[in-house]
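# Using only what follows, build the 3D model:
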Amino acid sequence: MRIIFMGTPDFSVGTLEALIEAGHEVCLVVTQPDKPKGRGGKWQFTPVKEAALRHGIEVFQPKRIREPECVETLKRYQADVIVVIAFGQILPKEILQMTPYGCINVHASLLPKYRGAAPIQWAILNGEKVTGVTTMQMDEGLDTGDMLLKTEVSITAQETGESLHDKLAAAGASLCVQTLREIETGSIRAQKQGESPTPYAKMLTKEMGNIDWARPAVEIERLVRGLNSWPSAYTDWDGQVMKIWEAQAVTETDCAEDAKAKERELAEAAQPGTVVCVEKDSFLVQTGEGFLRVKELQIPGKKRMEAGAFLRGYALTEGTVLRTVAR
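All right, here's what the predicted structure looks like:
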């Protein structure tokens, strides 16, 4: 097929590469405009633009894809289909209906679950055991088009937003190639979506990572995993922001078996956020329900480190209180 590909972040790159490897003709890549990054403000290409240039594919970077001149630009390529994956702009009806096969979207959830901008992370935050990828025929709604194909991906107990991102990106690349193959042969059967059983998977914000220690330990653990690698879960430690990169929810029974008698007494009276047990390679924090064992963290000016390395270099004692960072 002759394809116009629309995408922007790392998640989109694998699908672009897979389409090229499958022998499709990607005649144009459409991606978001370059943006300055870092203290120096150096302009940075999007990951999809970098991939397109490696393959010698023409790149188009409109500020607003719905502008009439942008629509006319796309028409000139006379593509068979437009493939869209995490592009970052809403497409107008003129583009959705521009090609013989319309616009095919690769979405990182099992639709109609988790429509929206951050389905990967919200699946972890909500404690899902299984997620996946859906290809759909795009319409004018937000992730409401007819479903074409699906593939499931399991969520492990140690899954992070980053690791699940990579698994779903690979699954989506394969599923997109299969979807286009079945579209060409006419063997695919679209299915209407019902109502979504989950809230809209809204975009992540930095403020979401601010730990409320009054929440149950299992929820805080999911927050740590789901917001890894961005924006990360964090807390106030002695006036500094401590990022927590790896943690484990621990039941009260487990904690009692691990702790000494004085530590059990502290745990019984401790307010949420109190460090109740300092071990060799980790420390336990009281939550609103159960305990959180912190295993990897980061403090300002330092790289990520295992909790054991932190404890060897800094004095963290039982009774220290970690707090929500003041806004």
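
# Relative to I82, how far out is V30?
Distance from V30 to I82, counting by Cβ to Cβ, to the nearest Å: 8 Å. Every C-beta, even on glycine, is put in place using the N, C-alpha and C of the backbone.

# so what sits against both of the two?
Counting by Cβ atoms under 8 Å, 6 or more residues apart in numbering, the shared contacts of V30 and I82 are 4-6, 74.

# C-terminal to the biggest helix by length in the chain, which secondary structure element comes first?
If you go by DSSP state H, the chain has its longest helix at helix 161-185. As assigned by DSSP states H and E, the chain's next helix or strand after helix 161-185 is helix 217-226.

# re earlier: of all the shared contacts of V30 and I82, which two lie farthest apart?
Farthest-apart pair in these is F5 and L74; separation 11.5 Å (Cβ to Cβ).

# Those two: who's more crowded?
Higher neighbour count among F5 and L74: F5, with 28 against 22, using other Cβ atoms under 10 Å.

# In terms of neighbours, single out the busier of V30 and I82.
Neighbours were counted for V30 and for I82 using other Cβ under 10 Å; V30 has more, 28 against 25.

# what residues go with each domain of this protein?
As recorded under automatic domain parsing, the domains making up the chain are 2-185, 206-313.

# which stretch in those domains is the model least sure about?
Ranked on mean pLDDT, the bottom entry among the domains of the chain is domain 206-313, at a mean of 90.

# sorry, back to before: using a markdown table, lay out the domains of the chain together with distance to Y200.
Listed next are those as a markdown table, based on distance: least, Cβ to Cβ, whole Å:
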| stretch | distance to Y200 |
| --- | --- |
| domain 2-185 | 4 |
| domain 206-313 | 15 |
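
# Compare these and give me the one nearest L322.
Nearest to L322, of those and by Cβ to Cβ, is domain 206-313 at 4.5 Å.

# what about that closest one, start to end distance?
Terminal residues of domain 206-313 are spaced 28 Å apart (Cα to Cα, to the nearest Å).

# Quick one: distance of that domain to the chain centre.
In terms of Cα atoms, centre = their mean, to the nearest Å, the centre of domain 206-313 is found 22 Å from the chain centre.

# what's the closest non-adjacent residue to I90?
Leaving out its chain neighbours, the residue that sits closest to I90 by Cβ to Cβ, 6 or more residues apart in numbering is R66, at 7.4 Å.

# What lies in contact with stretch 48-64?
Stretch 48-64 is contacted from outside by 5, 7-9, 12-13, 16-17, 20, 26-34, 45, 70, 73-74, 89, using Cβ under 8 Å, 6+ apart.

# repeat that for 7 Å
7-8, 12-13, 16-17, 20, 26, 28-34, 70, 73 (Cβ atoms under 7 Å, 6 or more residues apart in numbering).

# Stretch 165-180 now?
With contact meaning Cβ under 7 Å, 6+ apart, stretch 165-180 is reached by 1, 11, 14-15, 18-19, 22, 24, 81, 83, 85, 104, 106, 108, 120, 132-133, 135, 148-149, 151, 153, 188.

# try 6 Å this time
Identification of contacts with stretch 165-180 by Cβ atoms under 6 Å, 6 or more residues apart in numbering yields 1, 11, 14-15, 18, 22, 106, 108, 120, 133, 135, 148-149, 151, 153.

# Buried residues of stretch 228-247, list them for me.
Across stretch 228-247, burial judged by 16 or more other Cβ atoms under 10 Å covers 228, 231-237, 242-247.

# Quote the end-to-end distance of it.
Using Cα to Cα, the end-to-end distance of stretch 228-247 comes out at 11 Å.

# What segments of the stretch 51-200 of the chain are strands?
Along the stretch 51-200 of the chain, counting by DSSP state E, counting those that start in this stretch, strands occupy 59-60, 81-85, 103-107, 130-137, 146-154.

# Name the residues that touch the longest one?
The one in question is strand 146-154. For strand 146-154, contacts defined as Cβ under 6 Å, 6+ apart pick out 110-111, 130-137, 167-168, 171, 175, 179, 188, 190-192.

# again, only this time at 8 Å
So strand 146-154 is contacted by 104, 110-111, 129-137, 139, 164, 167-168, 171, 174-175, 178-179, 182-183, 188, 190-193 (Cβ under 8 Å, 6+ apart).

# Likewise for the second one?
Identification of contacts with strand 81-85 by Cβ under 8 Å, 6+ apart yields 1-7, 11-12, 15, 19, 74, 91, 95, 98-106, 138, 172, 176, 180, 183.

# Give the pairing partners of it; include direction for each.
strand 2-7 (parallel), strand 103-107 (parallel) (DSSP bridges).

# same thing with the fourth one?
Paired strands of strand 130-137, with direction, are strand 103-107 (antiparallel), strand 146-154 (antiparallel) (DSSP bridges).

# again with the first one
On the basis of DSSP bridges, the sheet neighbours of strand 59-60 come out as strand 25-30 (parallel).

# Show me which parts of the strand it pairs with are buried, residue by residue.
26-30.

# Likewise for stretch 152-160?
For stretch 152-160, burial by neighbour count (16+ other Cβ under 10 Å) applies to 153, 155, 159-160.
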